[in-house]
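In: Quick check, what structure comes out for this input:
(chains A, B, C and D)
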Protein chains: 2
Amino acid sequence: MSSHEFIKGTLKTIILKLLAQNKQMYGYEITQRVAQLSKDEIKLTYGALYPMLYKLEGEGLLVTTTEIVDNRARKYYSLTAEGKKLAKVKVSELQRFNEILRVILRDNEKPNVSLKLWAC
Amino acid sequence: MSSHEFIKGTLKTIILKLLAQNKQMYGYEITQRVAQLSKDEIKLTYGALYPMLYKLEGEGLLVTTTEIVDNRARKYYSLTAEGKKLAKVKVSELQRFNEILRVILRDNEKPNVSLKLWAC
DNA sequence: CTTAGATATATAATTTACTTAAATATATAA
DNA sequence: TTATATATTTAAGTAAATTATATATCTAAG
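Out: Got it, this is the predicted structure:
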């Protein structure tokens, strides 16, 4: 399974966001959700995902509960109050960063015609 | 000088984009341009910037010319043909990644009222 | 006249956070 | 029985950042 070079630095925030939205998820489910949301363009690697989940648990940002489903252990992760708070902060920080990046990457050669639509 | 955790993985593309846009820039100028475009929210660290510039030079993506300005050496970087090609690819990849991230980070709880403005 | 701040490049040491790879195990469909 | 999907875990290696430091000049402030 391969990922995307640009995932670096954003993985923690992506996990926090998904858990903020879903109350509880298990690791495999998180990878599938990201694949689905990105139309298979981003595939989280387990070698990055699980260590990050343990780290977040160690930081008190999430707690785990293990359930047996189809004879297999499944570990659910859910945010603590602190985790929920941090999720909000991190998500808005990353949204802001993305906005800045959009400006930097914007094509400045030809003026953007669609700007004219603002007048409507 | 501190940076931004989300810069990870995007620095190379940011440098390529700025050089694609400006023909030639020197290191310090690149940090100032990013600071300006981000309203001081992103400050590139020299410890990240210069090693990346040498790496890009080593990869044949850019060439350098040194000029003396005010008795001080100033090293200008400009993209090679290969660098220009890669800049286009990397910029569109990062733009696409940002689009995906925007979807993942989008607030799905409450419907976005501003969507109604599209009707005008 | 000297100190601080802006300009400018370079690099060593360290740390973090990834990728790659492999191990383990079960269910299900071909 | 073979492959594919489901599911977690962790070791080894690497890339790319942070932090810190060194060097050097110019200009403005005091």
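
In: Next, count neighbours for residue A:99.
Out: Using other C-beta atoms under 10 Å in any protein chain shown, residue A:99 is surrounded by 13 other residues. Where C-beta positions appear, they are placed from N, C-alpha and C, glycine not excepted.

In: What average pLDDT does the one helix or strand it maps to get?
Out: Counting by DSSP states H and E, the element that carries residue A:99 is helix A:81-105. For helix A:81-105, the mean per-residue pLDDT is 97.

In: Buried residues, that helix. List them.
Out: For helix A:81-105, burial by neighbour count (16 or more other C-beta atoms under 10 Å in any protein chain shown) applies to A:83, A:86-87, A:90-91, A:94-95, A:97-98, A:100-101, A:104-105.

In: want to throw those into JSON lines with distance to residue B:3?
Out: Listed next are those as JSON lines, based on distance: C-beta to C-beta, whole Å:
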{"residue": "A:83", "distance to residue B:3": "25"}
{"residue": "A:86", "distance to residue B:3": "20"}
{"residue": "A:87", "distance to residue B:3": "22"}
{"residue": "A:90", "distance to residue B:3": "16"}
{"residue": "A:91", "distance to residue B:3": "20"}
{"residue": "A:94", "distance to residue B:3": "15"}
{"residue": "A:95", "distance to residue B:3": "18"}
{"residue": "A:97", "distance to residue B:3": "11"}
{"residue": "A:98", "distance to residue B:3": "16"}
{"residue": "A:100", "distance to residue B:3": "12"}
{"residue": "A:101", "distance to residue B:3": "13"}
{"residue": "A:104", "distance to residue B:3": "14"}
{"residue": "A:105", "distance to residue B:3": "18"}
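
In: closest to residue B:31 among those?
Out: For the buried residues of helix A:81-105, the closest approach to residue B:31 (C-beta to C-beta) belongs to residue A:104, at 12.8 Å.

In: Identify the residues contacting the closest residue to that closest one other than its chain neighbours.
Out: Of all residues not flanking residue A:104 in the chain, residue B:37 sits nearest, at 5.3 Å (C-beta to C-beta, 6 or more residues apart in numbering or on different chains). Residue B:37 makes contact with A:100, A:103-104 under the criterion C-beta atoms under 8 Å, 6 or more residues apart in numbering or on different chains.

In: pretty sure residue A:74 contacts residue A:25?
Out: No: in this structure, residue A:74 is not within contact of residue A:25 by C-beta atoms under 8 Å, at 10.3 Å.

In: What segments of chain A are helices?
Out: Assigned by DSSP state H, the helices in chain A fall at A:11-22, A:27-37, A:46-58, A:81-105.
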